[in-house]
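In: what's the 3D shape of this:
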Amino acid sequence: MIDKIINALIFILPAYFANAAPVLFRTGKSKIPMDMKMKFYDSRRILGEGKTWVGFFVGIIIGTIIGALIWLIGLQRIYNFETHIMVSLLLSTGTMVGDAVGSFIKRRISVRRGRPLPLLDQLGFLIFALVFAYNYLPAFMDVYTIAILMVITVFVHYAANGIAYKMKLKRVPW
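Out: Residues are numbered from 1 along each chain as shown. Reported below is the predicted structural model:
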């Protein structure tokens, strides 16, 4: 069981890195928000100032690079290199789409930028990453392993945010 969890964590690393990349590379200061400052029918921004095209694509690129490194150093070789890159790209893209969907939901229910929405913040990106890569999920990613991965991800997310806050990369520690 421990092997399955370790393999699942290695498999999902591209998503974790994609999720963290916009903060690490300070892409929130980019001038081009994904929603182009447009408002939804409720008169609120669609996504908000914090979701930029630069951050979106940096997340996808970093996650995909991490996936390539995982394969190249032999940490996990479930697929051939090309398929591994595609799976890493799917995980990373799903992560960034999930993060944008989370931002959309938070704007609809009036959660201000930078404020937490428990579970959506921690698991939204993971769920979308797994959905995007669903057709390529390896055998060890059964329902129980995914459930354990979700629990672990909550703690990883809080820890990563705490570290980013201490490093002054985030304004709030959540």
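In: where's the residue nearest the centre of the chain, which helix or strand?
Out: Here the mean C-alpha position of the chain is nearest to the C-alpha of N19 (C-alpha atoms, centre = their mean), at a distance of 3.1 Å. For N19, the host element (DSSP states H and E) is helix 2-24.
In: Now that helix: buried residues?
Out: 4, 7-9, 11-23 (16 or more other C-beta atoms under 10 Å). C-beta here means a position set from N, CA and C on the backbone, and glycine is covered the same way.
In: Just the CA trace of it, in PDB.
Out: Extracted in PDB, the C-alpha atoms of helix 2-24 (Å, rounded to 0.1, in the frame of the first residue of the first chain):
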ATOM      1  CA  ILE A   2       2.800   2.400   0.800                       C
ATOM      2  CA  ASP A   3       4.300   1.700  -2.600                       C
ATOM      3  CA  LYS A   4       1.000   2.700  -4.200                       C
ATOM      4  CA  ILE A   5       0.900   5.900  -2.300                       C
ATOM      5  CA  ILE A   6       4.500   6.800  -3.100                       C
ATOM      6  CA  ASN A   7       3.900   6.000  -6.800                       C
ATOM      7  CA  ALA A   8       0.700   8.100  -6.800                       C
ATOM      8  CA  LEU A   9       2.600  11.000  -5.300                       C
ATOM      9  CA  ILE A  10       5.300  10.800  -7.900                       C
ATOM     10  CA  PHE A  11       2.700  10.500 -10.600                       C
ATOM     11  CA  ILE A  12       0.900  13.600  -9.400                       C
ATOM     12  CA  LEU A  13       4.000  15.700  -8.900                       C
ATOM     13  CA  PRO A  14       3.500  17.600 -12.300                       C
ATOM     14  CA  ALA A  15       0.200  18.800 -11.000                       C
ATOM     15  CA  TYR A  16       1.700  19.900  -7.600                       C
ATOM     16  CA  PHE A  17       4.400  21.800  -9.400                       C
ATOM     17  CA  ALA A  18       2.000  23.300 -11.900                       C
ATOM     18  CA  ASN A  19      -0.200  24.500  -9.100                       C
ATOM     19  CA  ALA A  20       2.800  26.200  -7.300                       C
ATOM     20  CA  ALA A  21       4.600  27.600 -10.300                       C
ATOM     21  CA  PRO A  22       2.600  30.800 -10.700                       C
ATOM     22  CA  VAL A  23       3.300  31.800  -7.100                       C
ATOM     23  CA  LEU A  24       7.000  30.700  -7.300                       C
END
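In: pLDDT on that helix, on average?
Out: Rounded to a whole number, the mean pLDDT of helix 2-24 is 94.
In: tell me what it is packed against?
Out: Helices and strands touching helix 2-24, by 3 or more C-beta pairs under 8 Å, 6 or more residues apart in numbering; DSSP states H and E, are helix 53-72, helix 81-108, helix 120-132, helix 143-166.
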